[in-house]
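A.B. asks: Give me coordinates for this.
(chains A and B)
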Amino acid sequence: MTVSENCAVISNKSVSIDENLITFSSEKIAHSALPGQFVEVSCSDGGMLLRRPFSVYDTTAESLSLFVKSVGRGTRWLGGLREGEKVNIIGPLGKGFSIDEGSRSLLIGGGCGVASLRLLSKAIVEAGGECDAIFGFRKREEIPETIVGDFSRTARRLTVTVDSGDYPVRGNVMDRLAEIEFDRYGRYYCCGPTAMLRALVPLLSLKTTEVSLEAKMACGLGVCYGCTINTDRGGKRVCYDGPVFTMKEVEWNDL
Amino acid sequence: MICDHSVELGAIGSLASPVMISSGTFGVAKPYMELLRGQPVGAVVTKTITLNPKAGNPQPRIYEGPCYLINSIGLENQGVDRFVDFYNDEYGEIGFPVIVSISGNSVDEFVTIARKLNSIDGLLGLELNLSCPNVDGEGLAFGSVPERIGEVVKACGSCSRFPLIAKLSPFQAIDDSFALAAARAGAAAISLINTVPAMVLDIHRFRPATGALSGGMSGPAVKPIALKMIYEISRSVDIPVIGMGGIASGEDAIEFLMAGARAISIGTMNMVDPSLPGQIMGKIAGFMERHDIENLPEISRRFHL
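C.D. replies: Predicted coordinates for the structure are as follows:
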């Protein structure tokens, strides 16, 4: 059930040069959000017209955390929210990841795309499975250490890599994949920049691979068709039919 | 004092609430319907239906600027046949009266769509999208001269069993000639304004910022433009005017009613907050009570210079 909830900021922590982890009070949305689903956050008090969509990073019985990267006026305003301030949030929205009980999974995340994989990693472990994770960032300052720490508790083996600089290791997720026997996993879950996802297609599209896509949305509710992408079944709304799609159904050349 | 919040829309009949949901911003998707359920909505207008399915425009389709939104969806829809086939499954239980928005490449196409929709029972009306700015040579082609609008309205009127609403773009509402042509041809109501044709460029990539060259602008920035057009046209035609364009609050809605709109329609801001109809009705009810206004038309009758 999709609900609209006024949520107070419980904490707002800077986790890298331009990213914040914001935890909101929430009962209804937090209670029902599934891995891979997203919420639409009102930015009207910050002077924005449209809501901003974010993956649900994590939940507790009475809170909901979002990983917010500052990319424009709306996200910068959200990054400046103080404890106690309230914003309206609609959710949970969209179709999330599917989980195969007891399977071995590989999570591949790029930049703020790692956010959509947190609830998933917890759910995989709870379902008796295990997961490894490879996360890529552009440079050391963009690595959200606390978030990487969160994942290190659920991922059996976590590899972090940076495009430039030497910490922890230089190279992108493709370089790290080349170093492991990447086809020994039962399932693959990917979220990150389109260029990264596209690079993964030749390796993973014939496997059981799900991707979570990002899109500019107007409504986020399945109504306006602002976020339609092409798939092998025709146009699909990222907000409603996704944001999680199988890698093989997406027409990657059109993205 | 008992205030009457219903509206009479001429041949269309009576609506329980003056708040409608505009074409393009209403859909039967579950998350949206869960939020809209129970809201005081007088009628909803579907996304524009065309004769054949349309894939719509390339991404990006949405651009947000200060107080405005530009969309270039390109009338993505599954075509009239599928719409008719699935109407009962999709719209049967929504609980709001339905107006179907249609657009065609020619008078014949409008007529064919209108005929096919006759097989659906209980529609409140058809809204003729005569002005969608997104599609080259389609809706806009009809928009260029008032006589063509009259022709489409007349042809649809002679074959449809539902009342017709002529929806005008701001360019068709710059004077009253298009509205008068539609009224004379038998339109039951006029709705205005459609989005304002607009474009935005990505200067770093030397190209449009939307996937299509241009789109339609909506949101609070267009409200004063819409208000002036509704004020003028509602005084020219003797059929009801449905007012829309950037309505974001109860105060905005009251302004439109005061300017002469018989009913109002919310679009962009309804997508941001599906509880807006209830907020608007709360404000209208409070306003009527404070000013001892018994019925909605009295709001515009009280207006003076």
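A.B. asks: Residues of chain A that sit close to chain B?
C.D. replies: Applying C-beta under 8 Å from any C-beta of the partner chain, we find that chain A lies next to chain B at A:1-4, A:42, A:44, A:47-51, A:88, A:90, A:93, A:215-219, A:221-229, A:234-235, A:237, A:240, A:254-255. For glycine as for every other residue, the C-beta is placed from the backbone atoms N, C-alpha and C.
A.B. asks: same thing but 6 Å
C.D. replies: Counting by C-beta under 6 Å from any C-beta of the partner chain, the positions of chain A adjacent to chain B are A:1-2, A:49-51, A:93, A:216, A:218-219, A:221-226, A:235, A:240.
A.B. asks: Which among those count as buried?
C.D. replies: A:2, A:49-51, A:93, A:216, A:218-219, A:221-226, A:235, A:240 (16 or more other C-beta atoms under 10 Å in any protein chain shown).
A.B. asks: which among those gets closest to residue B:66?
C.D. replies: residue A:49 (8.3 Å; C-beta to C-beta).
A.B. asks: Is residue B:100 in a helix, a strand, or coil?
C.D. replies: Three-state assignment for residue B:100 (DSSP: H, G, I helix; E, B strand; the rest coil): strand.
A.B. asks: So it versus residue B:122, what's the distance?
C.D. replies: Relative to residue B:122, residue B:100 is positioned 11 Å away (C-beta to C-beta, to the nearest Å).
A.B. asks: the more surrounded of these two?
C.D. replies: Looking at residue B:100 and residue B:122 with other C-beta atoms under 10 Å in any protein chain shown, you find the greater number of neighbours at residue B:100, namely 26 against 10.
A.B. asks: send the alpha carbons of stretch B:54-73 over as CSV?
C.D. replies: As requested, the backbone C-alpha atoms of stretch B:54-73 are provided in CSV (Å, rounded to 0.1, in the frame of the first residue of the first chain):
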residue,chain,number,x,y,z
LYS,B,54,2.3,5.7,-29.9
ALA,B,55,5.7,5.0,-28.4
GLY,B,56,6.2,8.6,-27.4
ASN,B,57,9.3,10.8,-27.5
PRO,B,58,12.9,9.8,-26.6
GLN,B,59,14.3,10.6,-23.1
PRO,B,60,14.7,12.9,-21.4
ARG,B,61,11.0,13.7,-21.3
ILE,B,62,11.0,15.9,-18.1
TYR,B,63,12.7,19.1,-17.3
GLU,B,64,12.1,21.0,-14.1
GLY,B,65,12.8,24.7,-13.9
PRO,B,66,12.0,27.3,-11.2
CYS,B,67,8.2,27.1,-10.8
TYR,B,68,7.7,25.2,-14.1
LEU,B,69,7.9,21.8,-15.6
ILE,B,70,8.5,21.0,-19.3
ASN,B,71,7.3,17.7,-20.5
SER,B,72,7.8,16.1,-23.9
ILE,B,73,6.1,12.7,-23.4
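A.B. asks: Is that stretch in proximity to chain A?
C.D. replies: Yes: using C-beta under 6 Å from any C-beta, we find that stretch B:54-73 touches chain A at B:55, B:60, B:61, B:62, B:64, B:69, B:73.
A.B. asks: what does that stretch rub up against?
C.D. replies: Contacts with stretch B:54-73, where a contact means C-beta atoms under 6 Å, 6 or more residues apart in numbering or on different chains, come from A:49-50, A:216, A:218, A:225-226, A:235, B:74-77, B:134, B:198, B:200, B:209-212, B:215-221, B:268.
A.B. asks: now swap in stretch A:58-78 and tell me
C.D. replies: So stretch A:58-78 is contacted by A:10, A:18-27, A:29-30, A:33, A:43, A:46, A:48, A:52, A:54, A:57, A:79, A:112, A:115, A:118 (C-beta under 6 Å, 6+ apart).
A.B. asks: Out of these, list just those in strands.
C.D. replies: A:10, A:19, A:20, A:21, A:22, A:23, A:24, A:25, A:52, A:54 (DSSP state E).
A.B. asks: top of the residues of stretch B:54-73 next to chain A by neighbour count?
C.D. replies: Going by other C-beta under 10 Å, residue B:69 tops the residues of stretch B:54-73 next to chain A with 29 neighbours.
A.B. asks: from what I can see, that residue looks like it's in a strand, true?
C.D. replies: Yes: according to three-state DSSP, residue B:69 belongs to a strand.
A.B. asks: Chain neighbours aside, what residue packs nearest to it?
C.D. replies: Distances taken as C-beta to C-beta, 6 or more residues apart in numbering or on different chains put residue B:219 closest to residue B:69, at 4.7 Å, once the chain neighbours are dropped.
A.B. asks: That neighbour reaches residue B:245, doesn't it?
C.D. replies: No: counting by C-beta atoms under 6 Å, residue B:245 is not a contact partner of residue B:219; they are 9.0 Å apart.
A.B. asks: which one of these two has more residues nearby?
C.D. replies: A side-by-side neighbour count of residue B:219 and residue B:245, using other C-beta under 10 Å, places residue B:245 first with 33 against 26.
A.B. asks: In the stretch 1-150 of chain A, what residue comes closest to chain B?
C.D. replies: Taking C-beta to the nearest C-beta as the measure, the point where the stretch 1-150 of chain A comes nearest chain B is residue A:2, at 3.9 Å.
A.B. asks: What sits closest to whichever residue of chain A sits closest to chain B if chain neighbours are left out?
C.D. replies: Using C-beta to the nearest C-beta, the closest approach of chain A to chain B is made by residue A:222 at 2.7 Å. Nearest residue to residue A:222, sequence neighbours excluded (C-beta to C-beta, 6+ apart): residue B:29, at 2.7 Å.
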